[in-house]
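> I'll drop the sequence and a predicted model, then ask my questions.
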Amino acid sequence: MQPENGNHKKERILAAVEAALERYGARREELIPILSDINRALGYLPPEALNEVSRRLKEPHSQVMSVASFYQMLSTKPRGKHVVQFCESAPCHVVGGREVWEALQEHLHLEAGETSPDGQWTLVTVSCLGLCSVGPVIVVDEDVYGNVTPERVPEILARYR
Amino acid sequence: MKYYRSHVLVCVDPECLNRGAHEIEDALQDELVAQGLIDEVQVLETSRIGACSDGPELMVYPEGVHYVGLSVDDIPYLVEEHFLKGRVVQKFLYTRPKFVDEELSAPTPKEVRVVLRNCGKIDPQNIEDYIAEDGYQALAKVLTEMTPEQVIDEIKRSGLRGRGGAGFPTGRKWELTRAAKGEPKYIICNADEGDPGAFMNRRVLEGDPHSVIEGMIIAAYAIGASQGYIYCRAEYPLAVSTLNIAIQQARNFGLLGKNILGTDFSFDLEVRQGAGAFVCGEETALIASIEGRRGEPRPRPPFPAQSGLWGKPTNINNVETYANVPQIILKGAEWFASMGTEKSKGTKTFALAGDLNHTGLIEVPFGITLREIVYDVGGGIRDGKAFKAIQTGGPMGGCLPASYLDLPVDYESLTAAGSIMGSGGMIVMDEDTCMVDIARFFMEFTQDESCGKCTPCRIGTRRILEILTRICEGKGQDGDIETLEYLCEQIRTNSLCGLGQGAPNPVASTLKHFRDEYEAHIYEKRCPAKVCRALIRYEILPEACTGCTVCARNCPVGAISGERRQPHVIDPDVCIRCGICMQVCNFNAVVIE
């Protein structure tokens, strides 16, 4: 992968901010949908994006940051190309979730919240996805996997390598 | 009007037309004339009988027989068999493909489906399906025949209480919001179903979104609101998209927007998505989140009914509460109040999870016992194991032991037993579950989800978690139990919101009902359920061991020694308790002590 040049990166960030503001309007009460859209487009919320949102909404940077840092689905740190989410809730826990979690950590060499040095993987825990009938559940990017066992973990991850 | 004994509906969707629907229709007419049945059987055109994948399709009423895969040549035989001889032609009969619904199976005898009645039965993306099941009739009745006061009175008499967990009487809440000073007023649906293991609301939103929307419009009419919000958690992307489709269809049908059903009542709805914060299920935190702020709770009063969204009177109910409303209006308060107990009326949905034979969604009348839920509805404990505990009410709930199995399920009984109703998660645990580990697990959750605003919750839950972790690691000390009890009481009485006040519940309830397990961990350094790794030991039974060496070759740390064909031994000081030896042994010689 070619390193992205600075100007190109900035343009991409500003375009994502512009698209989100266009969609929801530059209003304070739309801050969470705006940040969610930018997060989805860029994978995380870079400082340049937060600055731009703050400027356009005429809201102090601290206010924008306080929202960006509060919600689990908004990330102020870069994330990997593939994000693996593990459901850490009790129903998944009692049907073998712990073993699946250990298998994920072992195969990705990551702890919760970490991103691999090559930028390929981010491993995070997520609160209940409501798919308890098919637990343990993991989500890779947008794909949901149910009835996961430690044995299935390598095979699932291999689909994204 | 002319009377026909039978009506044949021919699907004339583009797909069926392509497959010759008009030719079939003509052939039917000709054949009915030829067999002298044209005055008894009427042929009509319709659309969307089925998926149109095996078109042309026919529907015969009043029997409701659905035929597919017909050609013109089949018509004489079909007319003779069905309309002359009165026999259903099995060959062309449409059979619904069987699919396994892992979440919602057919109701067991003890269940009553009110809220879930349409789930899995109608197409949630087609408003006409809902209307065909009496959908929006209650709204029409309310707007044309009832005053807002009469609606509130009907809901009050039904005894409906908030299904989000606290159980506040819904009619009373509506009355307070209606009476509150301030304009405009708002309606909010709390669809931030964050309790681990609870997915009842998700299923209703995905399977029957219009029942919630109709309930909200009726509530808006009753309290005098013109704008509503459904706050749905971002972890439910399908629910969000289904709701958006449903809202758009309701607008197109004149059921949302200006002058609903031609009356002067106007109301519109919008879906707001969360961004992953459990505490946003708390109503004041939820309001903050809709306003675009951090989802942190604030002290009540004032309650949202007085000062809610943007400081205006706001009515918040949960998904299940709203979904009950149209049924109550249509069937009457007496019908609803005939189900349940004296103080808890109607039905409740629960998500059954854990070590049961049948997990998934259920809907039962209040007053059913926990035993009936576990054994009759849930089919008993998996693998013939013994029941140990049932956890109700989500992370703010408690664990109840077998001696409480005959407890009737209603708001007051569960609270008195040391647990809560909560929104409806139920996790059943068998004898292999360690209650200290479970308490630690729930504390991990609340500690993680504490928003950090108030000290008892932020620091208190962390202190509890530290102590529980130590106990599970075999480092429990004399006095830990007393410290835990003190912390539980302090957090319960001093926290700002329901999350904090309820946070110690899993610990307090297990301390009350499973105290001996805590004592075994602390004083005997023993985990009775053999779960906590630091407190268990793997051993090889010499009489069962054949000396095959499989365990020794698979042990990642070289803790197993022994001669070939001689019993092997595990060195407990080297062993990391990974359990691989137990998995690979073909002779069941490895056991946990």
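In hand now; what should we look at? Quantities reported herein were computed from a predicted structural model and do not represent experimental measurements.
> name the residues that touch the worst-scoring helix or strand of chain A on mean pLDDT?
Ranked by mean pLDDT, DSSP states H and E, the weakest helix or strand in chain A is helix A:90-92, scoring a mean of 81. By CB atoms under 8 Å, 6 or more residues apart in numbering or on different chains, the list of residues contacting helix A:90-92 from outside reads A:100, A:128, A:132, A:135-137, B:196-197, B:353-354, B:391, B:395, B:425, B:427, B:438, B:441-442, B:445. All C-beta atoms are positioned from the backbone trio N, CA, C, and that covers glycine.
> if we go to 6 Å?
A:132, A:135, A:136, A:137, B:196, B:197, B:353, B:427 (CB atoms under 6 Å, 6 or more residues apart in numbering or on different chains).
> ok, now stretch A:5-20?
Counting by CB under 6 Å, 6+ apart, A:34, A:37, A:38, A:41, A:42, A:46, A:48, A:49, A:52 sit against stretch A:5-20.
> report the distance from it to the chain centre.
19 Å (CA atoms, centre = their mean, to the nearest Å).
> one step back: and the least confident helix or strand of chain A, how far from the chain's centre?
22 Å.
> likewise stretch B:50-60?
34 Å.
> circling back: is any part of the helix or strand following the least confident helix or strand of chain A close to chain B?
Per DSSP states H and E, the first helix or strand lying C-terminal to helix A:90-92 is helix A:98-108. No - Helix A:98-108 lies apart from chain B when judged by CB under 6 Å from any CB of the partner chain; the minimum separation is 9.1 Å.
> quick one, strands of the stretch 351-500 of chain B?
For the stretch 351-500 of chain B, the strands defined by DSSP state E, counting those that start in this stretch occupy B:360-365, B:387-392, B:398-401, B:425-430.
> buried sites along the third one?
To tie it back to what came earlier, the one meant is strand B:398-401. B:398, B:399, B:400, B:401 (16 or more other CB atoms under 10 Å in any protein chain shown).
> closest one of the residues you listed to residue B:472?
residue B:399 (15.9 Å; CB to CB).
> which residue is the nearest non-sequential neighbour of residue 82?
No chain in the question, so chain A it is. residue A:160 (4.8 Å; CB to CB, 6 or more residues apart in numbering or on different chains).
> actually, chain B is the one I wanted.
residue B:89 (6.0 Å).
> from chain A, how far out is that neighbour?
From residue B:89 across to chain A, the span is 38 Å (CB to the nearest CB, to the nearest Å).
> so that residue sits against residue B:81, correct?
Yes - the pair residue B:89 / residue B:81 is scored as a contact, 5.0 Å apart, by CB atoms under 6 Å.
> domain ranges for the chain?
Because you didn't say which chain, this covers chain A. Listed by automatic domain parsing, the domain ranges of chain A are A:6-68, A:82-158.
> wrong one, I was asking about chain B
According to automatic domain parsing, the domains of chain B span B:6-92, B:127-337, B:347-430, B:435-523, B:537-592.
> may I see the domains of chain A organised as TSV, with mean neighbour count added?
Converted to TSV, these look like this (neighbours: other CB atoms under 10 Å in any protein chain shown):
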stretch	mean neighbour count
domain A:6-68	17
domain A:82-158	19
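> tell me the residues of chain A that contact chain B?
Checking chain A against chain B by CB under 6 Å from any CB, the hits are A:28-29, A:31-32, A:36, A:66-67, A:70-74, A:89-91, A:93-94, A:127-130, A:132-134.
> okay, buried residues for stretch B:101-109 please.
B:103, B:104.
> need the contact partners of that stretch.
A:133, A:134, B:113, B:119, B:120, B:360, B:361, B:377.
> OK, contacts around residue B:269?
B:228, B:247, B:256.
> ok, now how distant is it from chain A?
16 Å.
> so the residue nearest to that residue when sequence neighbours are not counted, which of the three states?
Of all residues beyond its chain neighbours, the one nearest residue B:269 is residue B:228 (4.6 Å), with distances taken as CB to CB, 6+ apart. Classification of residue B:228 using DSSP: H, G, I helix; E, B strand; the rest coil returns strand.
> among the contacts of residue B:269, who's most crowded?
residue B:228 (24 neighbours; other CB atoms under 10 Å in any protein chain shown).
> who does that one bridge with?
Applying DSSP bridges to residue B:228 gives these bridge partners: residue B:187, residue B:269.
> can I get stretch B:209-222 as PDB, trimmed to CA atoms?
Extracted in PDB, the C-alpha atoms of stretch B:209-222 (Å, rounded to 0.1, in the frame of the first residue of the first chain):
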ATOM      1  CA  PRO B 209     -42.600  -2.300  13.400                       C
ATOM      2  CA  HIS B 210     -46.100  -0.800  12.800                       C
ATOM      3  CA  SER B 211     -47.500  -2.000  16.100                       C
ATOM      4  CA  VAL B 212     -44.900   0.300  17.800                       C
ATOM      5  CA  ILE B 213     -45.600   3.100  15.400                       C
ATOM      6  CA  GLU B 214     -49.400   2.800  15.900                       C
ATOM      7  CA  GLY B 215     -48.900   2.700  19.600                       C
ATOM      8  CA  MET B 216     -46.800   5.900  19.500                       C
ATOM      9  CA  ILE B 217     -49.400   7.800  17.300                       C
ATOM     10  CA  ILE B 218     -52.100   6.900  19.800                       C
ATOM     11  CA  ALA B 219     -50.000   8.000  22.700                       C
ATOM     12  CA  ALA B 220     -49.200  11.300  20.900                       C
ATOM     13  CA  TYR B 221     -52.900  11.900  20.400                       C
ATOM     14  CA  ALA B 222     -53.500  11.200  24.100                       C
END
